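Visitor: coords please:
(one chain, ligands or ions: 1)
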Amino acid sequence: MSALWHGFADMGAVERDGAFVIARGEGAYVYDQSGARYLDATAGLWFANVGHGRAEIADAVAAQLREIAHYSNFGDLAEAPTRELAERLATIAPVPGSKIFFTSGGSDAIDTAAKLARRYWHQVGRPEKTIVVGRERAYHGMHVAGTALAGLPLNREGYGELMPDARTVAWDDAKALLALIEEVGAEHIAAFFCEPIIGAGGVYLPPEGYLNEVRRICHDAGILFVTDEVVTGFGRIGGSWFASSRFDLRPDIMTTAKGLTSGYLPMGAVFVAPELAEPFFGGGVWWRHGYTYGGHAASAVAALVNLDIIERENLLAEAARLERTLHEKLAPLAAHPRVAEVRSGLGAVAAVQLADPAEAPAFVKELRAQGVSSRAAGQGAMQVSPPFVMTDAQVDELAAAFTRALG
Ligand code: PMP
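Guide: Have a look, this model is predicted:
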């Protein structure tokens, strides 16, 4: 028994069977309290892009904590590492000249984006543009706006109406967005939110051409285009910093977190295209929004060193290598009768979809017994989103463990 209430958990089962306590990590491996080693198939919750146990980040963060942990960036206050990080992010932003607004994590980033989109239209004299549109299967964090925007009905159940003017369209068909625009009118729609790869909702890759098509539709209709790159950002898409860069999506707003610090400390960042920021920069406090820990100085230091590591070790290229390796080495698992399909081929992301989603909790434990830590996304989609330092030999080890666990 423990006082800890886990997120997204069957707490009855946790109390009955106990918790799986991770004590340590190194590279693509994590270790439990008994010292047993597991390949980290998921990079924690999609965040440990540079792998675990980087003393370099720990040392830099410790040095910052000794100077000052954090103060504030409200009003005219700021901290040097936070300013430096914003400059650095602006240089890799998919839209040149972007402004960077820091948050404590991904859910904050999404709610910031939803508010900013509406407030932008208010600011330019179009306050009737309030509808925010998300997609079925999408996950946009667990704050109120993000839960309302996402396309996972179970997560919305039992709270009453979370947010007025949130609508959902099919995840894979640009015509569904056109139909909604037809139905409610572009003059009432503030923004369309889009995960380049559907992540927590089950790992679904976008149909060919889909992302550019919805981007064009939004542009033509005067609807803000928001990419949620909390999962795909900072290299996870493979070969590029962001999916928005890889597909030249030029988002009006882009939300990020996770890989920004590789999870060494919590932090999110919202990238805002210059045209969108402009009406807020002319004098007056029009953006009454901010988080105590937004731009936390120690988190900013962790992010800066994390970006150094990604660049120095060419980890964007390593993620591109993993895109190919995961695709090649996990594909044979699709032949197993317990597997419905394997989804892979875009970014360092894959899913082994179990034929019977009800088997997922047991399968997670079977995988652990074979030395792999994974989890089920969506309905029984076993998540594979490793740290970029996972070698091809370790991917072989991972695939072999899946084969053994499938029995
Ligand atoms: N958006 C996406 C696409 C995510 O995957 C997540 C987290 N899994 C979030 C937003 C929310 O991020 P956080 O859990 O850091 O609040």
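Visitor: Only C-alpha atoms from now on, for both contacts and neighbour counts.
Guide: Fine.
Visitor: In which helix or strand does residue 147 reside?
Guide: Following DSSP states H and E, one finds residue 147 within helix 144-149.
Visitor: Residue 39 now?
Guide: If you go by DSSP H and E, residue 39 is part of strand 37-40.
Visitor: Which residues does that strand contact?
Guide: 28-31, 368, 371-374, 386-387, 394, 398 (C-alpha atoms under 8 Å, 6 or more residues apart in numbering).
Visitor: how far does it sit from the chain's center?
Guide: Distance of strand 37-40 from its chain centroid, counting by C-alpha atoms, centre = their mean, to the nearest Å, is 22 Å.
Visitor: Tell me, what's the model's pLDDT at the residue of the chain most remote from its centre?
Guide: In the chain, the greatest distance from the average C-alpha position (C-alpha atoms, centre = their mean) is reached by residue 283, at 33.2 Å. Looking at residue 283, its pLDDT is 90.
Visitor: can you confirm it is in a helix?
Guide: No. Residue 283: not assigned to a helix; according to DSSP: H, G, I helix; E, B strand; the rest coil it is coil.
Visitor: Kindly report the residues of the chain close to the ligand.
Guide: For the chain, the contact set with the ligand under C-alpha under 6 Å from any ligand atom comprises 105, 106, 107, 139, 140, 141, 195, 199, 200, 228, 230, 231.
Visitor: run the last query once more with 5 Å
Guide: Residues of the chain lying close to the ligand (C-alpha under 5 Å from any ligand atom) are 105, 106, 107, 140, 141, 230.
Visitor: Neighbour-wise, give me the winner out of those residues.
Guide: Per-residue neighbour counts (other C-alpha atoms under 10 Å) across the residues of the chain next to the ligand peak at residue 140, which has 34 neighbours.
Visitor: since we're on whatever residue of the stretch 301-407 of the chain ends up closest to the ligand, how many residues are nearby?
Guide: Minimum separation of the stretch 301-407 of the chain from the ligand (C-alpha to the nearest ligand atom) falls at residue 377, amounting to 10.0 Å. Residue 377 has 20 neighbours, counted by other C-alpha under 10 Å.
Visitor: From what I see, it and residue 152 are in contact.
Guide: No. Judged on C-alpha atoms under 8 Å, residue 377 makes no contact with residue 152 at a distance of 11.6 Å.
Visitor: Mutual contacts of those two, please.
Guide: Common contact partners of residue 377 and residue 152 (C-alpha under 8 Å, 6+ apart): residue 201.
Visitor: Tell me the pLDDT of the nearest residue to residue 264 once chain neighbours are set aside.
Guide: Spatial nearest neighbour of residue 264, excluding adjacent residues (C-alpha to C-alpha, 6 or more residues apart in numbering): residue 302 at 6.5 Å. Residue 302 carries a pLDDT score of 99 in this model.
Visitor: Next up, phi/psi of residue 306, please.
Guide: Dihedral angles of residue 306 (phi, psi; degrees, to the nearest 10) stand at phi -60, psi -40.
Visitor: er, residue 31 I mean
Guide: Dihedral pair for residue 31: phi -130, psi 140, per degrees, to the nearest 10.
Visitor: the domain parsing of the chain - what is it?
Guide: Following automatic domain parsing, one finds the domains of the chain at 11-53+316-406, 58-312.
Visitor: For the stretch 1-150 of the chain, just list every one of the strands.
Guide: Per DSSP state E, counting those that start in this stretch, the stretch 1-150 of the chain carries strands over the ranges 22-26, 29-32, 37-40, 99-103, 131-135.
Visitor: now, of those strands, which is deepest in the fold?
Guide: Across these, the average number of neighbours (mean count of other C-alpha atoms under 10 Å) peaks for strand 131-135, which reaches a mean of 26.
Visitor: Give me the packing partners of that strand, helices and strands only.
Guide: Of the remaining helices and strands, those touching strand 131-135 by 3 or more C-alpha pairs under 8 Å, 6 or more residues apart in numbering; DSSP states H and E are helix 144-149, strand 166-169, strand 189-194.
Visitor: Kindly recompute the last result at 6 Å.
Guide: Applying 3 or more C-alpha pairs under 6 Å, 6 or more residues apart in numbering; DSSP states H and E, one finds that strand 131-135 contacts strand 166-169, strand 189-194.
Visitor: what does the helix or strand following the longest one rub up against?
Guide: Taking DSSP H and E as the definition, the helix or strand that follows strand 189-194 towards the C-terminus is helix 210-221. Under the criterion C-alpha atoms under 6 Å, 6 or more residues apart in numbering, residues 174, 186 lie in contact with helix 210-221.
Visitor: Partner strands of the next helix-or-strand element following helix 210-221 and their direction?
Guide: Using DSSP H and E, the helix or strand that directly follows helix 210-221 along the chain is strand 224-228. Strand 224-228 has its sheet partners listed here by DSSP bridges as strand 189-194 (parallel), strand 253-256 (parallel).
Visitor: Pipe those into JSON lines and attach mean pLDDT, distance to residue 211 and mean neighbour count per row.
Guide: As requested, the strands paired with strand 224-228 are exported to JSON lines (pLDDT from 0 to 100; distance: least, C-alpha to C-alpha, whole Å; neighbours: other C-alpha atoms under 10 Å):
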{"stretch": "strand 189-194", "mean pLDDT": "98", "distance to residue 211": "8", "mean neighbour count": "27"}
{"stretch": "strand 253-256", "mean pLDDT": "99", "distance to residue 211": "14", "mean neighbour count": "30"}
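Visitor: State the number of residues packed around residue 58.
Guide: Neighbours of residue 58 under the rule other C-alpha under 10 Å: 16.
Visitor: quick check: longest helix of this structure.
Guide: In the chain, with assignment by DSSP state H, the single longest helix is helix 106-123.
Visitor: Contacts for that one, please.
Guide: By C-alpha under 6 Å, 6+ apart, the surrounding residues in contact with helix 106-123 are 103, 127, 130, 141, 142, 143, 145, 190, 255, 257, 268, 270.
Visitor: now stretch 375-390
Guide: The contact list for stretch 375-390 (C-alpha under 6 Å, 6+ apart) reads 28, 41-43, 48-51, 200-202, 318-319, 348-354, 357, 360.
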